[in-house]
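Let's see this in three dimensions:
(one chain, ligands or ions: 1)
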Amino acid sequence: MMGASDHNEQEDRTMTTFSAYRLEEREGKSVGAITRMRLADLDEGGVVIRSVYAGVNYKDALAGTGAAPIIRRFPCVGGIEAVGVVVESDSDGVREGDEVIVHGRGIGVSHDGGFSEYVRVPADWVTHLPRGLDMHEAAAIGVAGHTAAVAVDLMELNGLKPSRGPVVVTGATGGVASLAIDMMSGLGYELVAVSRKLDQRDYLTALGATDVIQPPSPEESGRPLESAEWAGAVDAAGGHLLSWVLRKTRPGGTVACFGNAAGIKLDMTVLPFILRGVRLLGVNADTEPAYRLHIWNRLATDLKPTRLEAITRDITLDELPATFERMVEGRTTGRHVVRFAD
Ligand SMILES: NC(=O)c1ccc[n+]([C@@H]2O[C@H](COP(=O)([O-])OP(=O)(O)OC[C@H]3O[C@@H](n4cnc5c(N)ncnc54)[C@H](OP(=O)(O)O)[C@@H]3O)[C@@H](O)[C@H]2O)c1
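Numbering: from 1, shown residues only. Next up, the predicted model:
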């Protein structure tokens, strides 16, 4: 039940304006700007969260720069994830003061998202932070870490284990890949990082990569099957790099595919699948609630990254546009997290 002071607080919140990074459509492209909003301007939902952090993802950068048609409804507050504290709730399962994370379900794409001092969502979109993760750790992990953990989980379910041999990670300095290297090195895997940024060798070896190599150029076509080197692959790149790792995967190996930084086309033969039994596993981070909980619990325990400080950089809301530009050009490293007021 609410007391008089709760009512006053709620009224204050309803009247107050707050900052949000909102995308609008201009000449068929999405264009973002920081604007002042009120709670009533946000999409509906029974839970109001005061944002503390919001991780930045490649998808946000595509939306913010207008490089790809990500936003499904304009105007829309950007940001496909948020971590914060519940300040209002219509649900018994989600209470004021709870520390939560929200991602997926259209947040930052068709429902106002996380780059906002307040986020409003339906109660069943909310995941409580698991014991063992604080709010900054959860945001540093975010959608990127969730994706990396789903990739590891699916690969293990398909027979991958450290004794089967080295695992290759493409787009290695990116958010998902950096976290995958950190978590898989903790499980004892030998990891080959594939990166265009060879000047980041020290960063990648500090995360746990045993070797750092350069990717082939898109012009190198290669044979339908190449020497089988890797027991598994975590692929952030897609395009010619995904085809390259599939052609070099050992018999019975597993390849987790979730990214398209190098392209969306897959131009190759079926030979790796029918002659070597290579398994191509699709990863979508918009997981169902029970599986989402399982993955977040792993992220707080056996898959908990141990080098988050090296991977993560905090930024302000104002720094988003410049970060997006660098991200779509492939010039960022690791994770960026928007820090709202202390
Ligand atoms: N399926 C899902 O649910 C899901 C969830 C999260 C992310 N994703 C996707 O996964 C990918 C990685 O996400 P992220 O957040 O880790 O992004 P990110 O931090 O921007 O990392 C992407 C990395 O890919 C490499 N790269 C960028 N442009 C490239 C190009 N043109 N050719 C080859 N490599 C390139 C770069 O690594 P190097 O410079 O080290 O080579 C870059 O750091 C994105 O495509 C994203 O959309 C999908």
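
Excluding covalently adjacent residues, which one is nearest to whichever residue of the stretch 1-150 of the chain sits closest to the ligand?
Here the stretch 1-150 of the chain gets closest to the ligand at one residue, Y58, 3.4 Å apart by CB to the nearest ligand atom. All C-beta spots, glycine's among them, are computed from the backbone N, C-alpha and C. Counting by CB to CB, 6 or more residues apart in numbering, Y58 lies nearest to M327, which is 6.1 Å off, once chain neighbours are set aside.

In three-state terms, label the spatially most central residue of the chain for me.
With distances taken as CA atoms, centre = their mean, A144 lies nearest the centre of the chain, 2.3 Å away. Of the three states, A144 takes helix according to DSSP: H, G, I helix; E, B strand; the rest coil.

Name the nearest residue to it, sequence neighbours excluded.
Using CB to CB, 6+ apart and skipping residues adjacent in sequence, the residue nearest A144 is G175, 3.8 Å away.

What is the helix or strand containing the residue nearest to Y58 packed up against?
Taking DSSP states H and E as the definition, M327 sits inside helix 320-328. Contacts defined by 3 or more CB pairs under 8 Å, 6 or more residues apart in numbering; DSSP states H and E place helix 320-328 against strand 29-37, strand 47-56, helix 58-65, strand 335-339.

so who does D286 touch?
By CB atoms under 8 Å, 6 or more residues apart in numbering, the contact list for D286 reads H103, G104, R105.

count of neighbours near the first one?
Just to be clear, that refers to H103. Residues near H103, counting by other CB atoms under 10 Å, number 26.

does V52 really touch D134, like I thought?
No: using CB atoms under 8 Å, V52 is not in contact with D134; the gap is 10.1 Å.

Mind checking which of the two has more residues around it?
Between V52 and D134, counted using other CB under 10 Å, the more crowded position is V52 (21 against 11).

Check the nearest residue to D211 once chain neighbours are set aside and give its pLDDT.
Nearest residue to D211 in three dimensions, chain neighbours excluded: V192, at 4.7 Å (CB to CB, 6+ apart). In this prediction, V192 carries a pLDDT score of 98.

what secondary structure does V192 sit in?
With three-state DSSP as the criterion, V192 reads strand.

how about the residues of the stretch 101-250 of the chain that lie near the ligand?
Within the stretch 101-250 of the chain, the positions lying close to the ligand (CB under 6 Å from any ligand atom) are 143-144, 147, 171-177, 195-197, 236-237.

same thing but at 5 Å, please
144, 147, 171-176, 195-197, 236-237 (CB under 5 Å from any ligand atom).

Selecting buried members of these in PyMOL, what would you type?
With 16 or more other CB atoms under 10 Å as the burial test, the buried ones among those are selected in PyMOL as follows:
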select buried, resi 144+147+171+172+173+174+175+176+195+196+197+236+237
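
Adding pLDDT, write the residues of the stretch 101-250 of the chain next to the ligand out as a markdown table.
Below are these laid out as a markdown table (pLDDT from 0 to 100):
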| residue | pLDDT |
| --- | --- |
| A144 | 98 |
| T147 | 98 |
| G171 | 98 |
| A172 | 98 |
| T173 | 98 |
| G174 | 98 |
| G175 | 98 |
| V176 | 98 |
| S195 | 98 |
| R196 | 97 |
| K197 | 97 |
| A236 | 98 |
| A237 | 97 |
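
Secondary structure added to the residues of the stretch 101-250 of the chain next to the ligand, as CSV?
CSV is the format used below for those (three-state DSSP):
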residue, secondary structure
A144, helix
T147, helix
G171, coil
A172, coil
T173, coil
G174, coil
G175, helix
V176, helix
S195, coil
R196, coil
K197, coil
A236, coil
A237, coil
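
State the pLDDT value of the residue nearest to Y58.
As predicted, M327 sits at a pLDDT of 97.

Can you identify each of the strands in the stretch 1-150 of the chain by residue range?
Taking DSSP state E, counting those that start in this stretch as the criterion, the stretch 1-150 of the chain carries its strands at 18-26, 29-37, 47-56, 76-77, 81-89, 99-103, 118-121, 126-128.

Report the contact partners of the residue of the stretch 51-200 of the chain found nearest the ligand.
As assessed by CB to the nearest ligand atom, the ligand sits closest to G174 within the stretch 51-200 of the chain, at 2.0 Å. Contacts for G174 were tallied using CB under 8 Å, 6+ apart; they are Y58, A144, A236, G259, A261, T332, T333, G334.

List the residues that contact the residue of the stretch 1-150 of the chain closest to the ligand.
Applying CB under 8 Å, 6+ apart, we find Y58 in contact with G174, G175, G259, A261, M327, V328.

Tell me the spacing between G208 and P75.
42 Å (CB to CB, to the nearest Å).

The two - which one has more neighbours?
More crowded of G208 and P75, by other CB under 10 Å: G208, with 23 against 19.

about what we covered before: as JSON lines, the helices and strands packed on helix 320-328 with mean pLDDT would be great.
Converted to JSON lines, the helices and strands packed on helix 320-328 look like this (pLDDT from 0 to 100):
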{"stretch": "strand 29-37", "mean pLDDT": "95"}
{"stretch": "strand 47-56", "mean pLDDT": "98"}
{"stretch": "helix 58-65", "mean pLDDT": "97"}
{"stretch": "strand 335-339", "mean pLDDT": "98"}
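
Which one of these lies nearest to N158?
Of all the helices and strands packed on helix 320-328, helix 58-65 sits nearest to N158, with 25.1 Å by CB to CB.
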